[in-house]
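**Q** Kindly return the folded structure for what I paste below:
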Amino acid sequence: MTPFDLTGRTAVVTGARRGIGFGIAQALATAGADIVAASSQQEDGGGEIGTRVRALGRSFTGHAVDFTDRAAVQQFGAEVRDADILVNNAGTIRRSPAAEHPLEWWDEVIQVNLSSQFVLSQIVGGRMAERGSGRLIFTASLLSFQGGVFVPGYAAAKSGVAGLVKALSNEWAAKGVTVNGIAPGYIATDNTENLRGDADRSAEILGRIPMGRWGTADDLGGAAVFLASDAAAYVTGTVLPVDGGWLAR
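**A** Now for the predicted structure:
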């Protein structure tokens, strides 16, 4: 047994079908956790992430959840309210100059990236507080610290996530629940495909990252395991950048 061992715990990971959520779910399963995954298009059997988790000897349950639908999020929360770990990772991004940004895009991004995460935390985290133990982990962003360009809804939502981490931590820390965030840097996922495909923009980004490379979904796994584990029992209310040194530049 080590402080990082998650054997016997159940982790709910939203947005686990691909990208960062996939990497986090796999890392938590490697550390011993059983996985409940939810994405808008999550297969019942789990697809590739389900196969990976079961190959590690852990149980896996997949749920298709529309995170733009508050009632659907509430129903899902009621089904998983006894989880030990909740990773609020599901998200979306819309790019457009602020003056032209469709309001329906704004509403969608705020709902998925912030409101649905509060709703799920309210149900699952509230149950953790009643029980006296639990771990909440949010996927924040570099834009929890910076403003970005052409992504006003995303920047606002991710700034809100950082505030939510602190607010929930203040309420629930004394009840045995830690609340933290992970702020990924520029990660090679579907969300950054356009940026990586733009040679000039990609070079500009890489030029600022001291490590000189795009991150991978696997780079987030260690941080998630740490924050979910007993090793982080006295860590709460923090947003941990995993960015190859971007913010230090």
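**Q** the longest helix in this structure is where?
**A** helix 152-172 (DSSP state H).
**Q** what comes up buried for it?
**A** 152-162, 164-166, 168-169, 172 (16 or more other Cβ atoms under 10 Å). Every C-beta, even on glycine, is put in place using the N, C-alpha and C of the backbone.
**Q** what separates the residue positioned nearest the centre of the chain from Thr14, distance-wise?
**A** Taking Cα atoms, centre = their mean, the centroid of the chain lies closest to Asn89, which sits 2.5 Å from it. In this structure, Asn89 and Thr14 are 5 Å apart, going by Cβ to Cβ, to the nearest Å.
**Q** Need the overlap of contacts for these two.
**A** Common contact partners of Asn89 and Thr14 (Cβ atoms under 8 Å, 6 or more residues apart in numbering): Gly21.
**Q** hmm, back to that, so what's the gap between the longest helix of the chain and the chain middle?
**A** On the basis of Cα atoms, centre = their mean, to the nearest Å, helix 152-172 sits 12 Å off its chain's mean C-alpha point.
**Q** Which residues does it contact?
**A** In this structure, residues lying in contact with helix 152-172 by Cβ under 8 Å, 6+ apart are 88, 91, 93-94, 98, 101, 105-106, 108-110, 113-114, 117-118, 121, 125, 128-129, 136, 138-141, 143-148, 177-181, 183, 236-239.
**Q** Can you name every helix or strand that the strand or helix carrying Gly50 contacts?
**A** Using DSSP states H and E, Gly50 sits within helix 47-55. When contacts are defined as 3 or more Cβ pairs under 8 Å, 6 or more residues apart in numbering; DSSP states H and E, helix 47-55 packs onto helix 19-30, strand 34-39, strand 60-64.
**Q** Since that was my last question, I'll sign off now.
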